[in-house]
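Colleague: Provide a 3D model corresponding to the input given below.
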Amino acid sequence: MKKAFGILLVSALFLLVAMPIVLAKPEKVSATDVELVKKVTVKGPESKGKAKPTNAATGVPIPLGEGKKKYAIIVGISDYPGEENDLRYAHKDAMDMRDALVSVYGFEEDKITLLLNATYNEIRSAVESLKEIVQEGDEVVFFFSGHGARGKADDGDKEAIDEAIVTHDGNQLVFIWDGELRDWFSDFNTTRIVFIFDSCLSGGMTDLKANGRIVVMATTENGIAYEVETLQNGQFTYYFVEEGMIKKKADTTPKDDYVTVEEAFDYAKANCIRQTPTISDSFEKDLLL
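Modeller: Residues are numbered from 1 along each chain as shown. So this is what the prediction gives:
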């Protein structure tokens, strides 16, 4: 009898060890009155925008502290389920952002997670994995290019209308609401975090603001974002990343061969037409990636 019991116990223990642990899927935020606001593809701008006052940059860059590390999660979604919501250049926006971080700012490629046409779960998993390794004083960049949305979401904030970035699960659209994204990043060990959104309504993503952070948004809370065939980018990404950072055309305040986040924003704001980039900057002076 004891021998039989022992065999059963060993068998049970083997099954516990051998069986994979299945974690519960994260519950998505419930929302009503959801409106998808699509980024618009146009052939080309009539002309560059008239210069606007540049006031984000102070001219005092603050680089990363010695021995600290740089990480990034870069998301670009051009291929949504079906065909009616597809974009042409959001994935390229993401690749250009990745290239700028590596070639201009010295990010190590293995510390950049590039997610093209990613699902909700893939993005959330990337954020959770990064949270486990980031240390105090490290730098984090989160970039998104794709569609935006708005609605009444149960995402933990007091807003009557919430904004979201639009992902998918392979079959249908899935929204990451501003309050939800705020919660994902709420307990990171570092305050030096830069969020960049090239999507409609992105000016409403200020739930993410906190001391030491910068939230860069391609348009206003109610604005439309554009992607441009002649530029082969989102309009904001083209001026912020391609011209502003990679070609260093944003290096003006002062001209020192370095482009800070604020300088790149000022350059993009001065050149975008039909959309007005906005910024929430809680970083002391200017952040040099």
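Colleague: Next, residue 273: secondary structure please.
Modeller: When states are read from DSSP: H, G, I helix; E, B strand; the rest coil, the local structure at residue 273 comes out as coil.
Colleague: same question but for residue 129, I mixed them up
Modeller: Secondary structure of residue 129, reduced to three states by three-state DSSP: helix.
Colleague: I'd like to know how many residues surround it.
Modeller: Other residues near residue 129 number 11, with proximity taken as other Cβ atoms under 10 Å. All C-beta atoms are positioned from the backbone trio N, CA, C, and that covers glycine.
Colleague: now residue 240
Modeller: Counted with other Cβ under 10 Å, the neighbours of residue 240 add up to 32.
Colleague: same check, this time on the one 5 residues further on
Modeller: The burial count assigned to residue 245 is 28, neighbours taken as other Cβ under 10 Å.
Colleague: so who does the residue nearest to it when sequence neighbours are not counted touch?
Modeller: Nearest-residue entry for residue 245: residue 100, 4.6 Å, with adjacent residues in sequence omitted and distances by Cβ to Cβ, 6 or more residues apart in numbering. Contact analysis of residue 100 by Cβ atoms under 8 Å, 6 or more residues apart in numbering lists 241, 245, 246.
Colleague: Residue 100 and residue 196, how far apart?
Modeller: When Cβ to Cβ, to the nearest Å is the yardstick, residue 100 and residue 196 sit 11 Å from each other.
Colleague: just to revisit the earlier point, columns pLDDT, secondary structure and distance to residue 67 on top of the contacts of residue 100, output as TSV?
Modeller: As requested, the contacts of residue 100 are exported to TSV (pLDDT from 0 to 100; DSSP: H, G, I helix; E, B strand; the rest coil; distance: Cβ to Cβ, whole Å):
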residue	pLDDT	secondary structure	distance to residue 67
241	98	helix	27
245	98	helix	24
246	97	helix	27
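Colleague: Among these, find me the one that's closest to residue 277.
Modeller: Using Cβ to Cβ, residue 241 is the member of the contacts of residue 100 that lies nearest residue 277, at 12.4 Å.
Colleague: hang on, isn't that closest one packed against residue 267?
Modeller: No: taking contacts as Cβ atoms under 8 Å, residue 241 lies outside contact range of residue 267: 10.3 Å.
Colleague: Neighbour count: those two, which is higher?
Modeller: Set residue 241 next to residue 267 and count neighbours by other Cβ under 10 Å: residue 241 wins out with 29 against 26.
Colleague: quick one: that one from residue 210, how far?
Modeller: The value you get for residue 241 to residue 210, if Cβ to Cβ is used, is 24 Å.
Colleague: picking up where we left off before, which helix or strand contains the residue nearest to residue 245?
Modeller: In this structure, residue 100 sits in helix 90-103 according to DSSP states H and E.
Colleague: What of residue 74?
Modeller: Going by DSSP H and E, residue 74 is in strand 70-76.
Colleague: So what are the sheet partners of that strand and their directions?
Modeller: Looking at strand 70-76 with DSSP bridges, its paired strands and their directions are strand 112-116 (parallel), strand 139-145 (parallel).
Colleague: Can you lay out those strands as a markdown table showing mean neighbour count and distance to residue 218?
Modeller: As requested, the strands paired with strand 70-76 are exported to a markdown table (neighbours: other Cβ atoms under 10 Å; distance: least, Cβ to Cβ, whole Å):
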| stretch | mean neighbour count | distance to residue 218 |
| --- | --- | --- |
| strand 112-116 | 19 | 18 |
| strand 139-145 | 27 | 9 |
